[in-house]
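# This is a predicted model, with the sequence first.
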Amino acid sequence: MGESPVPDGNPIIRSVDTSDPAVLVHDGVAYLYTGHDEAPEDAARYVMRDWLCFSSTDLRTWTPHGPLLRVEDFAWARDGAKAGCVVERHGRFWWYVATNHATVPGGAIGVAVADHPTGPFRDALGQALVTDDIPDGRVPDGPDHTNDPWVHVHDGQARL
């Protein structure tokens, strides 16, 4: 029936509270990018200010790389680090993340760029790529459409 799971293998990250994982494989190394929840045990909501990265060559042993990106790295952002996605394109690494916008009501998607999967990452645009006030045919005051970005690169073209 197949191999039994490793009994102590889940969760794979135990040292901190993480959320919304995304994986990128580059040169035989898996990079796991996550949100980082710092809320106290009795909190009613998450407290997320940054994103973390862990790497592994065997998918059993993970090396933490600390916060590689923080909400404050985006001058236009306010708080609320949400899910992210990292892709490699044109030899660089692009980290698309969701957060709250400082001046536009609702959320936003920003993009940071680096020359290596572990950074350093910097805001690629100096402004949000997508804000919640961009029309998308949804009903007014409907759900925020800037959560959990995912990017697909096909034939050199990136699509959000």
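Yes, it's here. Numbering: from 1, shown residues only.
# Pull out the buried positions in stretch 86-97.
86-87, 93-97 (16 or more other C-beta atoms under 10 Å). For glycine as for every other residue, the C-beta is placed from the backbone atoms N, C-alpha and C.
# how far is it from where the chain is centred?
Relative to its chain's centre, stretch 86-97 lies at 11 Å (C-alpha atoms, centre = their mean, to the nearest Å).
# and the end-to-end length of it?
Using C-alpha to C-alpha, to the nearest Å, the span of stretch 86-97 from its first residue to its last is 9 Å.
# The closest residue to residue 123 other than its chain neighbours: neighbour count?
Leaving aside its sequence neighbours, residue 123 sits nearest to residue 74 (C-beta to C-beta, 6 or more residues apart in numbering; 5.1 Å). When neighbours are defined as other C-beta atoms under 10 Å, residue 74 has 25 of them.
# okay but residue 74 is in contact with residue 111, surely?
No - using C-beta atoms under 8 Å, residue 74 is not in contact with residue 111; the gap is 9.4 Å.
# before we move on, the earlier item: would you list the buried residues of stretch 86-97 in TSV and tack on pLDDT?
Output for these, formatted as TSV (pLDDT from 0 to 100):
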residue	pLDDT
86	96
87	95
93	97
94	97
95	97
96	96
97	96
